[in-house]
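1. got a predicted model here, sequence first, then my questions.
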Amino acid sequence: MVDNRTGDIHGTSIQAGVIHGSLTVNTHLPGAPVPGWVEVAMPVPRYGAGELGVHGCLPGSEGVGLPAYVVRDVDSELDQRLSAAAASPRGGLVLVAGASTAGKTRSLVAAVGRTLPERMLVAPPEDADLRPLPGWLAARAERAPQGWVVWLDDLDRHLSASGLTPALIAELGVAGGVVAATIRSHQLEALRPSVTDGDASAPVGVGYAVLKSLPVVVERRWNTQERERARASEDERVVQAASDERFGVAEQLAAGPVLEPIWLGGPDSGHPRGYALVAAAVGLAQAGVASPLTREQIYAAHTAYLPDPPPLPEEVDRAWAWAIRQRSGLAGLLVPADHEGRWRAFDYLTPQGHVPDAVWRTALDTASEQDRIAVGVTARSFEQDDIAEEAFRPLARRGHLDAMFYYAFQLSLRPGQGWVWEAIELYERAAGRGHVEAMFEVAELYAIELPGQELIAEYWYSDAIDHGHSEAVYGLAELLAEERGREGEAESWYRKALEQGDKDAMTGLGRLLGKVGRKKEALDWWRRAAEQGDTHAMYVLTEVLAEEPGREKAAGD
């Protein structure tokens, strides 16, 4: 059985931008031990769905195993994505998102079995550093003449330790690997780069860059056609699950709708402490703690969830027994995560509102070095800036690459300018070690916060562009547009930004052309920007047309 919980390799994560040019697979250091999970890789068809993370199923008259797979409407898209990644010389990440028990893992297992059956599958544990993996796979190419599948179920639990970046995915592709991964929707929203969520105050890098990949979404609720296919199943459990349209078929088979009401009803059924213990495990995961939890760690956070005013809570041992007891012959509210006595909440259970302060504190006390990054990123998404700073600070001061970047960004949220030079030092240290987002952010600081430092800003913008950072193209154009005699260079960079799809460059180019007297061209670009919804361009266009009434009719044509 594949164990995605325990591993041998540990390390910090790095971040990289878009990959350009040639790529070389870096082999592992001489003498570095190859972990067992690499050596036990098997062909895809030899894995059972349960071994790859598919939830168990309620027992029935047909038996206790998983029923036959029911075709979902996303299957064709999954097949296309996997085939495209397999055909690419640089591989790729096929990411499947959805609610817990939506059926995302089962759908991906089935798709890999259909499209890549001749490949070998390797399933790293959650705390594995994946940076040596391209070398390990390349050295074992004879075992996998058709290539590899790197299986990462619950991707969020792998991110901190794995070092997974767009660059590493490309290296794995060169070694013959395709990355197949799943993630729960709420974790994707919490951890993906903030700019994806429309948060203009956050740089692209505040989140994990690999999560910018467009996911295939598996819906929790099954549509009419999917339910019809389920009703045609020979397994009575599937037929019965398809008949209740309040829930998805997969979530009913996994007993999610059975377990959640039991948990939420705990305080009213004489188990307020049992409820709170489960809520603590749910809350710590919500706060970004991906690692399994000990009973002591869960206990430390549970008082924040005792009902107020509390009924007299039951004894701890009785509460614990209630929380871990299997229901419906399938799972408890807390489920074993490994063979070392650590636990997780059954992942169907939904976080209840905000994360209490005491739970954030327990998360910081509980978190491993890898988890602190995830806690910090998650705290940022909850606008818990003090917690985010506290999560990143000690790692940043020890030189952790991503932590230096994240902590510098948190400093930039402080009022005033007392933070600027500390942030610049951190960004420059990270940029000097290849952190592309840090190159861009330090350029922005020099350009915006420190007048007179344009040459240094230009250097860092150029460095970021050389490493494939698209936003730096627009930033450099804006910088050069303010320098006398460099308008031609600025125009060239604005046009390059437009080629990359940067809509802001329309307004910038219009402003530059107006400045140098090319008003007709400027008006055209402002109009295009306004049509794209740019409110500043709308305002400028209105002002220009008001000054030149003769243009109003032309503008309306």
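-> Noted; the coordinates are in hand. Numbers count the residues shown, from 1 in each chain.

2. so where is the stretch 451-557 of the chain shaky, pLDDT-wise?
-> 547-557 (pLDDT under 70).

3. at 80 instead, please
-> 543-557 (pLDDT under 80).

4. from the chain's centroid, how far away is the helix or strand where residue 488 lies?
-> With secondary structure defined by DSSP states H and E, residue 488 is part of helix 487-499. For helix 487-499, the separation from the chain centroid amounts to 32 Å (computed by C-alpha atoms, centre = their mean, to the nearest Å).

5. again, but for stretch 336-347
-> The answer for stretch 336-347 is 22 Å, by C-alpha atoms, centre = their mean.

6. and the longest strand along the chain, how far out from the chain's middle?
-> Longest strand in the chain by number of residues (criterion: DSSP state E): strand 177-184. The chain centroid and the centroid of strand 177-184 are separated by 11 Å under C-alpha atoms, centre = their mean.

7. tell me which element residue 344 falls in.
-> strand 343-345.

8. what's the average pLDDT for that strand?
-> The pLDDT scores in strand 343-345 average 93.

9. can you name the element that comes right after it?
-> helix 357-366.

10. how about that next one: buried residues?
-> Neighbour-count burial for helix 357-366 flags 358-364, 366 (criterion: 16 or more other C-beta atoms under 10 Å). (C-beta placed from N, C-alpha, C; glycine too.)

11. packing partners for that helix?
-> Counting contacts by 3 or more C-beta pairs under 8 Å, 6 or more residues apart in numbering; DSSP states H and E, helix 357-366 packs against helix 272-286, helix 295-302, helix 369-381, helix 385-397.

12. care to break the protein down by domain?
-> 36-226, 255-382, 384-556 (automatic domain parsing).

13. residue 234: which of those is closest?
-> Judged by C-beta to C-beta, the one of the domains of the chain that comes nearest to residue 234 is domain 36-226, at 7.3 Å.

14. for that closest one, measure first residue to last.
-> Start-to-end span of domain 36-226 (C-alpha to C-alpha, to the nearest Å) is 40 Å.

15. now it, how far from the chain's geometric center?
-> For domain 36-226, the distance to the chain centre is 13 Å (C-alpha atoms, centre = their mean).

16. ok, stretch 361-381 next?
-> 15 Å.

17. repeat for stretch 419-429
-> 26 Å.

18. let me see the mean pLDDT of it.
-> pLDDT averaged over stretch 419-429 gives 95.

19. contacts for it next, please.
-> Residues external to stretch 419-429 that are found in contact with it (C-beta atoms under 8 Å, 6 or more residues apart in numbering): 396, 399, 404-405, 407-409, 411-412, 438-439, 441-442, 445-446, 449-450.

20. for that stretch, buried residues please.
-> 419-420, 423-424, 426-429.

21. can you give me phi and psi for the closest residue to residue 72 other than its chain neighbours?
-> Once flanking residues are discounted, residue 72 sits nearest to residue 107: 5.3 Å by C-beta to C-beta, 6 or more residues apart in numbering. Main-chain torsions, residue 107, degrees, to the nearest 10: phi -60, psi -40.

22. what's around residue 107, how many residues?
-> Using other C-beta atoms under 10 Å, residue 107 is surrounded by 25 other residues.

23. I'd like to know how far it sits from residue 484.
-> Per C-beta to C-beta, to the nearest Å, residue 107 is found 59 Å from residue 484.

24. isn't the residue nearest to residue 72 right up against residue 94?
-> No - Residue 107 lies out of contact with residue 94 (C-beta atoms under 8 Å); the separation is 11.1 Å.

25. what residues are shared contacts of these two?
-> What both residue 107 and residue 94 touch, as defined by C-beta under 8 Å, 6+ apart, is the set residue 78.

26. hang on, the earlier thing: show me what the strand holding residue 344 is packed up against.
-> helix 272-286, strand 334-336.

27. all strands of this structure, in order?
-> Counting by DSSP E, the strands of the chain are 42-43, 93-98, 120-122, 148-152, 177-184, 216-217, 334-336, 343-345.

28. residue 293 is nearest to which of the ones you listed?
-> strand 343-345 (5.6 Å).

29. contacting residues around that closest one?
-> Contacts for strand 343-345 (C-beta under 8 Å, 6+ apart): 278, 281-282, 285, 292-295, 298, 324, 333-337.

30. give me the buried entries from those residues.
-> 278, 281-282, 285, 292-293, 295, 298, 324, 333-335, 337.

31. now, the most widely separated pair of these?
-> Using C-beta to C-beta, the two most remote members of these are 285 and 324, lying 16.4 Å apart.

32. residue 315 - how many residues pack around it?
-> 9.

33. repeat that for residue 320.
-> If we define neighbours as other C-beta under 10 Å, then residue 320 has 19 of them.

34. same deal with residue 531?
-> Residue 531: 12 neighbours (other C-beta under 10 Å).

35. against residue 502, how distant is it?
-> Residue 531 is 16 Å from residue 502, by C-beta to C-beta.

36. go ahead and confirm residue 96 touches residue 106.
-> No - the criterion here is C-beta under 8 Å, and residue 96 misses it with residue 106 at 10.0 Å.

37. for residue 325, see how far away the residue nearest to residue 322 when sequence neighbours are not counted is.
-> Closest residue in space to residue 322, ignoring its immediate chain neighbours: residue 274 at 3.9 Å, by C-beta to C-beta, 6+ apart. From residue 274 over to residue 325 the distance is 9 Å, taken as C-beta to C-beta.

38. those two: which has the busier surroundings?
-> The residue with more neighbours, out of residue 274 and residue 325, is residue 274; 28 against 13, by other C-beta under 10 Å.

39. now do the contacts for that one.
-> 266, 314, 318-320, 322-323, 333.

40. ChimeraX command to pick out the buried ones of the residues you listed?
-> The ChimeraX selection below is limited to those of the contacts of residue 274 classed as buried (16+ other C-beta under 10 Å):
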select :266,314,319,320,322,323,333
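
41. for the chain, what helix or strand is lowest in average pLDDT?
-> helix 552-556 (a mean of 48; mean pLDDT, DSSP states H and E).

42. still on that earlier bit, turn the buried ones among the contacts of strand 343-345 into TSV, including pLDDT and distance to residue 384.
-> Written out in TSV, the entries for these read as follows (pLDDT from 0 to 100; distance: C-beta to C-beta, whole Å):
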residue	pLDDT	distance to residue 384
278	96	23
281	96	19
282	96	17
285	93	16
292	92	23
293	94	20
295	96	26
298	96	21
324	95	30
333	92	26
334	94	25
335	89	28
337	88	26
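
43. just the buried residues of stretch 419-429 now: which is nearest residue 454?
-> residue 424 (14.8 Å).

44. pretty sure residue 120 is touching residue 144, no?
-> Yes - using C-beta under 8 Å, residue 120 is in contact with residue 144, at 4.0 Å.

45. does residue 131 really touch residue 169, like I thought?
-> No - contact criterion C-beta under 8 Å: residue 131 and residue 169 do not qualify, at 11.6 Å.

46. which of the two has more residues huddled nearby?
-> residue 169 (25 against 21).

47. nearest spatial neighbour of the more buried one, chain-adjacent residues omitted?
-> Using C-beta to C-beta, 6+ apart, the closest residue to residue 169 is residue 93 (5.2 Å).

48. about what we covered before: out of the contacts of stretch 419-429, which are buried?
-> Buried among the contacts of stretch 419-429 (16+ other C-beta under 10 Å): 396, 404-405, 407-409, 411-412, 438-439, 441-442, 445-446.

49. and the closest residue to residue 478 other than its chain neighbours, what does it touch?
-> Once flanking residues are discounted, residue 478 sits nearest to residue 508: 6.0 Å by C-beta to C-beta, 6+ apart. By C-beta under 8 Å, 6+ apart, the residues touching residue 508 are 474, 477-478, 481, 494, 497.

50. so for residue 396, what's the pLDDT?
-> 96.

51. please apply the same query to residue 197.
-> At residue 197, pLDDT is 42.

52. excluding its backbone neighbours, what's nearest residue 502?
-> Closest to residue 502 by C-beta to C-beta, 6+ apart is residue 474, at 5.0 Å.

53. from residue 497, how far off is the one you found?
-> Applying C-beta to C-beta to residue 474 and residue 497 gives a distance of 4 Å.
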